[in-house]
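> Sharing a model that was predicted from the sequence below.
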Amino acid sequence: MTISSIQHRLDQIRQHPIDDEALVDEAVALAADLLKAAQSEERSGERRQAKQMARMMNDPAGKAFTLAMADQVFRPPTPARSAAQFRHLVEGYGVPDYLSLPEKIAMRAGAAASVFAPEIVIPAITGAMRSQSSSVILPAEDAKLKPLLARRKKAGMRMNLNQLGEAILGENEAEHRIQAVISRLESPDCDYLSVKISAIFSQIHLVGETETLARITDRLRQLYRVAMQNPVNGRPKFVNLDMEEYRDLHLTCDAFREVLDEPEFMQLEAGIVLQAYLPDSLSALQGLVEWADRRTAAGGAGIKVRLVKGANLAMEKVDA
């Protein structure tokens, strides 16, 4: 299955509408075909990495070790301090069971050697982590990112860029983050970008919902204007509003609808993400569909809703 055949299949559905039951069957069949096509293109290294990821998800102690290592080992300013923290984690959690035998031996050896040569061991661990994540996390530096985007574009792929970063704690940092997002949107190499409201505004308080919503919508307007001012092939760039946690669900939906209902943005197609594990997502989706129907009936553009499994369920359980 090729990208053109997928597009043709979707075009056929749009040109020849079918009832809801048949549409559900077609969606399931298309998803199955896409999965088969993706699996047929999977390389041996990708299959090996997927199997290791599955083992990690079934290894609670190993998963906790990996999260702790990513959060603690690479932050200290000196290799010696990083090495001490690495040894502390190995001693506390043990070597993860999901690792292969050679990896377990290497981790034990690295922990022992880090006492005497932290300046060698820590860069080696950092390099291994970057290598393993290189297939899903691209470098943000233009010198490295632009050639990658050019290759994807030449292959007929449209890249959805998501600017990663730590949770922002203050408005100075929020301003820096939104300027980084704007710069990425202004770049000719980017035509599709995802951003969450917590990345553009730091003081999200549901007690002060009206003020919070006003600040978020103001910054969302900035992004949408940049998308419209930097079109690709005559069309505005696509901004996808991501979702991170339950507290942001209704606020994100409200900001999305409020801004796109304004005359300035009525012709802008934009997207929003809903997390499937949140019970409220169903009613949120129904509300978005009803609103989108009214918007298009009034001559406005459509919207795109992306359903994802969600990746913060453990945190949601703690918060709950």
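Arrived safely, thanks for sending. Numbers count the residues shown, from 1 in each chain.
> Going by neighbour count, which residues of the one helix or strand residue 82 maps to are buried?
Applying DSSP states H and E as the criterion places residue 82 in helix 79-93. Buried residues in helix 79-93, counted by 16 or more other CB atoms under 10 Å: 79, 82, 83, 85, 86, 87, 89, 90, 93. Bear in mind the C-beta positions are built from the backbone N, C-alpha and C, glycine included.
> That helix: how far from the chain's middle?
Counting by CA atoms, centre = their mean, to the nearest Å, helix 79-93 is centred 29 Å from the centre of its parent chain.
> Start the count at 19 instead of 1 going forward.
Yes, from this point I'll number from 19; that puts the last item at helix 97-111.
> what residues does the helix or strand following that helix touch?
Remark: after helix 97-111, the chain's next helix or strand is helix 119-131, criterion DSSP H and E. Contacting residues not belonging to helix 119-131 are listed as 104, 105, 108, 113, 114, 117, 138, 139, 142, 143 [CB atoms under 8 Å, 6 or more residues apart in numbering].
> Pull the most distant pair out of those.
114 and 138 (22.2 Å; CB to CB).
> Which one's more surrounded, the two?
Each of residue 114 and residue 138 has its neighbours counted (other CB atoms under 10 Å); residue 114 has more, 20 against 13.
> Model confidence for the more buried one, exactly?
For residue 114, the model assigns a pLDDT of 92.
> which residues touch the residue lying closest to it once chain neighbours are set aside?
Setting aside the residues directly before and after it, residue 114 is nearest to residue 80 in space (CB to CB, 6 or more residues apart in numbering), at 3.1 Å. Listed by CB under 8 Å, 6+ apart, the contact set of residue 80 reads 73, 74, 111, 114, 115, 116, 117.
> which residues are in contact with the host helix or strand of residue 198?
Following DSSP H and E, the helix or strand that holds residue 198 is helix 189-204. Helix 189-204 is contacted by residues 179, 181, 183, 186, 208, 211, 213, 217-221, 237, 240-241, 244-245, 248, 255, 257 when judged by CB under 8 Å, 6+ apart.
> taking the residues you listed one by one, which sit in strands?
Using DSSP state E, 179, 211, 213, 257 are the members of those that sit in strands.
> ok, and the closest non-adjacent residue to the third one?
Read that as residue 213. residue 199 (5.5 Å).
> tally of neighbours for the one you found?
23.
> Over to the one 4 residues further on?
Counted with other CB under 10 Å, the neighbours of residue 203 add up to 24.
> For it, give its distance to residue 181.
10 Å (CB to CB, to the nearest Å).
> Now for the two: what residues contact both?
Joint contacts of residue 203 and residue 181 (CB under 8 Å, 6+ apart) are residue 211.
> What segments of the protein are helices?
21-33, 38-58, 62-75, 78-90, 97-111, 119-131, 136-151, 160-172, 189-204, 227-247, 267-278, 299-315, 331-337 (DSSP state H).
> Can you tell me which of these is nearest to residue 324?
Across these, residue 324 has its closest neighbour in helix 299-315 (10.9 Å, CB to CB).
> what about the closest one, distance to the chain center?
Relative to the mean C-alpha coordinate of its chain, helix 299-315 is positioned 23 Å out (CA atoms, centre = their mean).
> same check, this time on stretch 172-185
Here stretch 172-185 is found 8 Å from its chain centre; the criterion is CA atoms, centre = their mean.
> Which residues in that stretch does the neighbour count mark as buried?
The neighbour-count check on stretch 172-185 (16+ other CB under 10 Å) flags 177, 179, 180, 181 as buried.
> mind giving me CSV with these and columns for distance to residue 147 and pLDDT?
Listed next are the buried residues of stretch 172-185 as CSV, based on distance: CB to CB, whole Å; pLDDT from 0 to 100:
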residue, distance to residue 147, pLDDT
177, 23, 83
179, 21, 84
180, 19, 85
181, 20, 78
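> tell me which of those residues is nearest to residue 333?
After measuring those against residue 333 - CB to CB - the closest member comes out as residue 180, at 18.2 Å.
> can you pull up the bridge partners for that closest one?
With DSSP bridges as the criterion, residue 180 is bridged to residue 212.
> I figured it hits residue 217, correct?
No - using CB atoms under 8 Å, residue 180 makes no contact with residue 217, being 9.3 Å away.
> before we move on, back to that, who are the packing partners of the helix holding residue 100?
The contact analysis (3 or more CB pairs under 8 Å, 6 or more residues apart in numbering; DSSP states H and E) places helix 97-111 against helix 78-90, helix 119-131, helix 136-151.
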